[in-house]
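>>> can you look at this prediction? I've put the sequence above it.
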Amino acid sequence: MGIMSGHQPSHSDDYSPSEFSHLRSELISFSSQPSLQSVPSLTSQTQQQQLYLPSSAITHHCITTFKGHTSYISSLALAGNFLFSGSFDKEIRLWEQNLNSEPDHENITNNVVAAGKGAVKSIVVLGDKLFSAHQDHKIRVWKINDQEPHHQKCTRLATLPTLGDRAIKLLTPNNQVQIRRHKKCTWVHHVDTVSVLALSQDKSLLYSVSWDRSLKIWRTTDFKCLESVGNAHDDAINALALSHDGYAYTGSADKKIKVWKKASGDKKHSQVATLEKHNSGINALALSTDGSVLYSGASDRSIVVWEKDNSGNMVVVGALRGHSKSILCLDVVSDVVFSGSADNTIRIWRGVDKSYSCLAILEGHTGPVKCLTAATDSYNSSNTSTSHLVYSGSLDCEIKVWQIFIPLL
């Protein structure tokens, strides 16, 4: 496998057999597969020279490194001047940085604000609430207490599915679904690791996907499970992206991306398309701001770029190549794409008229880059360049904060 000689999560003696099994399953996504050759590349040196300023005009540096987690970082979420991180060590930590002034190590603090019973897989923040997805099949809801940042703790509000949701569904036999030969449970339950969470555009709905191959939708006000799409894929679902116009994209170890939409008047989401081009499991999905471009990253070391045609269907336009191992995470800010890989690096891409250039390669992690999130740094942007802050979490148990200055086109 691609990373077995690299960094392994620490404190392995503390892991239960089920956690070891989970970790082995996780490592499958890090294992690099043969490169995807059937899709034309959207990058070349000639295009870079024609479309962009010299690479020396792109400047970047690592501002700081956050240390504290004792196992790999699985998820990051920005909330104002705060960064929340989730880890295989079951903890959620809060990191503070004053982004409106020059970075100062004295302004950076860390704290364990919440701890669940299973490894944290995904986190999203909505106002004063934090939703976390876990290896133990649960989604937990936390209230972010409005206290001094240095002493901030989260209070658990609920565990999904809620007791009320479970009790009501248990009373009706047709709410039972078969999960194994001799075992049933209600359809509101995830029965394997909950891998990704995402909020709808209006923040009224929380979407969750799982290794149990299901997609579920929850109401964010009372945490009720409104819908479940069982057997949405043929294998574990590892990626999820939501568009502003109501489309949900799911990516799976079955090598497929599926597109879901709840039509006006319908009670449930239905599958409207299947996107097949990768030759290995899909690990990451990200959408452009307007939802017209979809980026998919997989273990075949390629980022496939899909664009909506005149009929509104996603079609392949090409692939971004450069990473030497699996693509594990993606993010998009404005016209810039950020990718993290099992090759321990982050690449920054920008495209014009279907031609892309790799603007920079961020090196510094000593393990695969499992998650990242980025934001425009308006305080340090100027009339000639845009500043971005990129936060990356790795199997090396560290979070790095990078600042990138990209010249305006």
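Thanks, I have the structure now. All figures in this text were calculated on a predicted structure; none of them were measured in a lab.

>>> where does this structure dip in pLDDT?
1-37, 44-56, 98-110, 147-151, 166, 168-184 (pLDDT under 70).

>>> that one: helices as residue ranges?
Assigned by DSSP state H, the helices in the chain fall at 17-30, 45-51, 163-170.

>>> W95 touches S85, doesn't it?
Yes: using C-beta atoms under 8 Å, W95 is in contact with S85, at 6.7 Å. C-beta here means a position set from N, CA and C on the backbone, and glycine is covered the same way.

>>> got any residues that touch both of the two?
Residues within reach of W95 and of S85 at once, by C-beta atoms under 8 Å, 6 or more residues apart in numbering, are F66, I399.

>>> contacts only, for the nearest residue to T386 once chain neighbours are set aside.
Spatial nearest neighbour of T386, excluding adjacent residues (C-beta to C-beta, 6 or more residues apart in numbering): I406 at 5.2 Å. Taking C-beta under 8 Å, 6+ apart, we find I406 in contact with I58, V336, I348, R350, L359, S385, T386, S387, H388.

>>> if I look at the first one, how far off is I303?
I58 is 19 Å from I303, where distance means C-beta to C-beta, to the nearest Å.

>>> compare those two (neighbour count), which wins?
Between I58 and I303, I303 has the larger neighbour count (other C-beta atoms under 10 Å), namely 29 against 19.

>>> give me the neighbour count for K268.
Neighbours of K268 using other C-beta under 10 Å come to 12.

>>> mind saving the C-alpha coords of stretch 321-330 as PDB?
C-alpha atoms of stretch 321-330 as PDB (Å, rounded to 0.1, in the frame of the first residue of the first chain):
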ATOM      1  CA  ARG A 321      -2.400  15.600 -12.700                       C
ATOM      2  CA  GLY A 322       0.700  16.100 -10.600                       C
ATOM      3  CA  HIS A 323       0.100  14.300  -7.300                       C
ATOM      4  CA  SER A 324       2.100  11.100  -7.100                       C
ATOM      5  CA  LYS A 325      -0.300   9.300  -4.800                       C
ATOM      6  CA  SER A 326      -4.000   9.200  -3.900                       C
ATOM      7  CA  ILE A 327      -6.100  12.400  -3.700                       C
ATOM      8  CA  LEU A 328      -7.600  12.600  -0.300                       C
ATOM      9  CA  CYS A 329      -9.300  16.000   0.000                       C
ATOM     10  CA  LEU A 330     -10.400  19.000  -2.100                       C
END
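
>>> and that stretch, what's buried?
R321, G322, H323, K325, S326, I327, L328, C329, L330 (16 or more other C-beta atoms under 10 Å).

>>> equivalent analysis for stretch 216-234, please.
Those would be K216, I217, W218, T220, F223, K224, C225, E227, S228, V229, A232, H233, for stretch 216-234 by 16+ other C-beta under 10 Å.

>>> repeat for stretch 235-255
With burial defined by 16+ other C-beta under 10 Å, the residues of stretch 235-255 counted as buried are 236-243, 246-255.

>>> what's near enough to touch the closest residue to I257 other than its chain neighbours?
Once flanking residues are discounted, I257 sits nearest to L275: 4.0 Å by C-beta to C-beta, 6+ apart. The contact partners of L275, taken as C-beta under 8 Å, 6+ apart, are K256, I257, K258, V259, L294, S296, W306, M314.

>>> ok, the residue nearest to T386 to S341 distance?
20 Å.

>>> again with L242
Look at L242 and S341: by C-beta to C-beta, they are 24 Å apart.

>>> ditto for C329
Distance from C329 to S341, by C-beta to C-beta: 8 Å.

>>> what do those two both touch?
V369.

>>> hey, what's the residue lying closest to V332 once chain neighbours are set aside bridged with?
Counting by C-beta to C-beta, 6+ apart, A286 is the residue found nearest to V332 once chain neighbours are left out, at 4.8 Å. On the basis of DSSP bridges, A286 is bridged to Y295.

>>> residues contacting A286?
Counting by C-beta under 8 Å, 6+ apart, A286 makes contact with A241, L294, Y295, L330, D331, V332, V337.

>>> name the nearest residue to the second one, ignoring sequence neighbours.
Taking C-beta to C-beta, 6+ apart as the measure, L294 lies nearest to W306, with 4.2 Å between them; neighbours along the chain are not counted.

>>> pretty sure the one you found contacts G291?
No: here W306 does not reach G291: they are 11.2 Å apart, not a contact under C-beta under 8 Å.

>>> which of the two has more neighbours?
Just comparing W306 and G291: by other C-beta under 10 Å the higher neighbour count belongs to W306, 22 against 17.

>>> give the contact list for the more buried one.
L275, V293, L294, Y295, S296, M314, V315, V316, V317.

>>> just the buried ones from those residues?
L275, V293, L294, Y295, S296, M314, V316, V317.

>>> format those as CSV; extra columns: distance to A114.
As requested, the buried ones among the contacts of W306 are exported to CSV (distance: C-beta to C-beta, whole Å):
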residue, distance to A114
L275, 36
V293, 35
L294, 32
Y295, 31
S296, 31
M314, 37
V316, 40
V317, 41
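
>>> tell me the one among the contacts of A286 nearest to V401.
Lowest distance from V401 to those (C-beta to C-beta) belongs to D331, with 14.1 Å.

>>> returning to that earlier point: please flag which of the contacts of I406 sit within strands.
Among the contacts of I406, the residues falling in strands (DSSP state E) are V336, I348, R350, L359, S385, T386, S387, H388.

>>> export the residues you listed as CSV, with columns for neighbour count.
Output for the ones in strands among the contacts of I406, formatted as CSV (neighbours: other C-beta atoms under 10 Å):
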residue, neighbour count
V336, 19
I348, 22
R350, 19
L359, 21
S385, 17
T386, 19
S387, 18
H388, 22
